[in-house]
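Test case, fold it:
(4 chains)
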2 protein chains.
Amino acid sequence: MTKSKPSAKHGYHKGNLRDRLIAAAELVLQQEELDALSLRRVAREVGVAPSAIYNHFANLDELLAAIAAHGYRQLEALERKTYTSITDRESCLRELARDYLHFAADNPSLYRLMFSRAVVGYRSLPEVNEAGDSTFKLSVEWWYGEGSYDPEKSAIAYPYALAVWSLCHGAALQMLDGMVTMGDQADISVDALADALMDVFLHGALKGIAK
Amino acid sequence: MTKSKPSAKHGYHKGNLRDRLIAAAELVLQQEELDALSLRRVAREVGVAPSAIYNHFANLDELLAAIAAHGYRQLEALERKTYTSITDRESCLRELARDYLHFAADNPSLYRLMFSRAVVGYRSLPEVNEAGDSTFKLSVEWWYGEGSYDPEKSAIAYPYALAVWSLCHGAALQMLDGMVTMGDQADISVDALADALMDVFLHGALKGIAK
DNA sequence: ACCCAATATGAACAATGTTCATATTGGCCG
DNA sequence: CGGCCAATATGAACATTGTTCATATTGGGT
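Next comes the predicted model:
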């Protein structure tokens, strides 16, 4: 039979628990801080015993990794859409930065999880290895140009890719931590922040150094 | 009597426990990962009951904040030294970036703690508020120029300060997470990384965009 | 129709942060 | 010099966390 109705009452085999766990976790992340997410909390949310999770994930880190991987794919899809739709290189780069900061602003807890120590570094799931670098790979690819991979240009493009990505990541974290006040005005829109950063990034800071 | 010998045997009043707790915590951070640091671990390290800590800190977050504040002051001193010793603006900026990344590379766990959620955001200790922004304040001050604060230049300088700091912070995290491979070569020196980033930052990325 | 592998349970364990009643002690006031 | 109090340290307790394991249930394939 097709397992089309896994939502029945409460039994032992409740359908694919894996996806439901991830979905529940994402819901928690949307509404609360990252530290509200715990293995037992997710189990509670789904209405299942904590130990049941271990039938689908080796441990908590793997669950977190799976959630993060989903986040990476979302972000990557977002970026790729802009990447393929805007032809003007500079406009595209600016829009990519806006996309990135918007993603972080809209999903603060998820963003924090994606770059938490539990997910990054512990290369438990190959799924995360692939999805995790997606954004950065996209960035490198962007700088390489539309052509195929060229080792000659690689050494030139890589620093650019590393720099934008570091810039955006650092700015995203500062933004989430409420550290961006942009001088006097207490608040600043995400777009304005992205634009200001990209202005500096594109034109360089040498002019700002002029004594 | 002077309490010059607090190291005696084991008694109730063992000298100023506060400083010894912080020192012990810093030692743990120097040798292990951030998640190895716990309230009970620090108590164990000092040879004291866990609850004794609550005579000196309201809770774990305050202990972490105090440790982080110490780290902030170290970093700030490091930066200020370069800040005041190198007159050439561009050379100074490059050296500041190197200093920053070296601090992160030399104290990975402490650096992670300093920018962890437990420390940033929870503005429990005013000590952290002051020390925490020191590096960034220093950066803003640097861009303002040596003169006194000028609101007119503020709006111009702030984006630069925000950008360098975001860039360095993002790069530091990526470095600590082993995400910096600089193209083909697996490893790259901290100095080389800093220089590469500052090249892009100083001269701008527009030239890298040329199709 | 049966059986087994997959899945879910519940009780247990260690470790964590925190609280509280209790015990000790150093320094101050008489 | 003696006594007392506030500061400090203890140890036992509690709730919560991740994890393990023996046990129970069940759905799909032969």
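
Can you get me a residue count around A:Leu202?
17 (other CB atoms under 10 Å in any protein chain shown). Where C-beta positions appear, they are placed from N, C-alpha and C, glycine not excepted.

could you point out which element follows the host helix or strand of it?
Element membership for A:Leu202, per DSSP states H and E: helix A:190-203. Past helix A:190-203, heading to the C-terminal end, the next element that is a helix or strand (DSSP H and E) is helix A:206-209.

tell me what that next one is packed against?
Identification of packing neighbours for helix A:206-209 by 3 or more CB pairs under 8 Å, 6 or more residues apart in numbering or on different chains; DSSP states H and E yields helix B:89-106, helix B:151-176, helix B:190-203.

What are the contacting residues of the last one?
In other words, helix B:190-203. Counting by CB atoms under 8 Å, 6 or more residues apart in numbering or on different chains, helix B:190-203 makes contact with A:159-160, A:162-163, A:166, A:200-201, A:204-206, A:209, B:90, B:93-94, B:97-98, B:100-102, B:105, B:163-164, B:167-168, B:171, B:175, B:180, B:182, B:208, all of which sit outside it.

thinking again about what came up before, which stretch among the helices and strands packed on helix A:206-209 comes nearest DNA strand C?
Comparing the helices and strands packed on helix A:206-209 by their distance to DNA strand C (CB to the nearest atom of the strand), the top pick is helix B:151-176, with 21.7 Å.

which of the contacts of helix B:190-203 are buried?
Judged by neighbour count, with 16 or more other CB atoms under 10 Å in any protein chain shown as the criterion, the buried members of these are A:159-160, A:162-163, A:166, A:200-201, A:204-205, A:209, B:93-94, B:97-98, B:100-101, B:163-164, B:167-168, B:171, B:175, B:180, B:182, B:208.

just to revisit the earlier point, pipe the helices and strands packed on helix A:206-209 into JSON lines and attach mean pLDDT per row.
Below are those laid out as JSON lines (pLDDT from 0 to 100):
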{"stretch": "helix B:89-106", "mean pLDDT": "96"}
{"stretch": "helix B:151-176", "mean pLDDT": "88"}
{"stretch": "helix B:190-203", "mean pLDDT": "97"}
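
So which of these is nearest DNA strand D?
If you check each of the helices and strands packed on helix A:206-209 against DNA strand D by CB to the nearest atom of the strand, helix B:151-176 wins as the nearest, at 22.2 Å.

helices or strands next to that closest one in the packing?
helix A:151-176, helix A:190-203, helix A:206-209, helix B:89-106, helix B:108-114, helix B:134-144, helix B:190-203.

Check what pLDDT whichever residue of chain A sits closest to DNA strand C gets.
Of all residues in chain A, A:Ser51 sits closest to DNA strand C, at 2.9 Å by CB to the nearest atom of the strand. Listed pLDDT for A:Ser51 reads 98.

again, but for A:Gly147
With respect to pLDDT, A:Gly147 has a value of 57.

ok, the residue of chain A closest to DNA strand C - how many residues close by?
9.

Enumerate the residues of chain A near DNA strand C.
Residues of chain A lying close to DNA strand C by CB under 7 Å from any atom of the strand are A:10, A:12-15, A:17, A:47-52, A:55-56.

Which PyMOL command selects the buried ones in those residues?
Once 16+ other CB under 10 Å is used to decide burial, the buried members of the residues of chain A next to DNA strand C can be selected in PyMOL as follows:
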select buried, chain A and resi 14+17+48+56
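
of all the residues of chain A next to DNA strand C, which comes closest to B:Glu79?
Ranked by distance to B:Glu79 (CB to CB), the residues of chain A next to DNA strand C are led by A:Pro50 at 46.2 Å.

Apart from its chain neighbours, what residue comes closest to the closest one?
A:Ala43 (4.4 Å; CB to CB, 6 or more residues apart in numbering or on different chains).

if I look at that neighbour, how far off is B:Arg80?
Using CB to CB, to the nearest Å, one gets 50 Å for the distance from A:Ala43 to B:Arg80.

hang on, the earlier thing: can I get the helices and strands packed on helix B:151-176 in TSV including distance to DNA strand D?
Conversion of these to TSV gives the following (distance: least, CB to the nearest atom of the strand, whole Å):
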stretch	distance to DNA strand D
helix A:151-176	22
helix A:190-203	31
helix A:206-209	46
helix B:89-106	28
helix B:108-114	19
helix B:134-144	28
helix B:190-203	33
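
Would you tell me which of the ones you listed gets closest to A:Glu26?
Of all the helices and strands packed on helix B:151-176, helix A:151-176 comes closest under CB to CB, at 17.4 Å.

angle of the closest one against helix A:190-203?
For the pair helix A:151-176 and helix A:190-203, the angle between their directions (axes from the mean of the first three to the mean of the last three CA atoms, to 10 degrees) equals 140 degrees.

Now do helix A:151-176 against helix B:134-144, angle only.
Using the same axes, to 10 degrees, one finds that helix A:151-176 and helix B:134-144 are set 110 degrees apart in direction.

Could you check the angle helix A:151-176 makes with helix A:89-106?
Note on geometry: by the same axes, to 10 degrees, helix A:151-176 and helix A:89-106 are set 40 degrees apart in direction.
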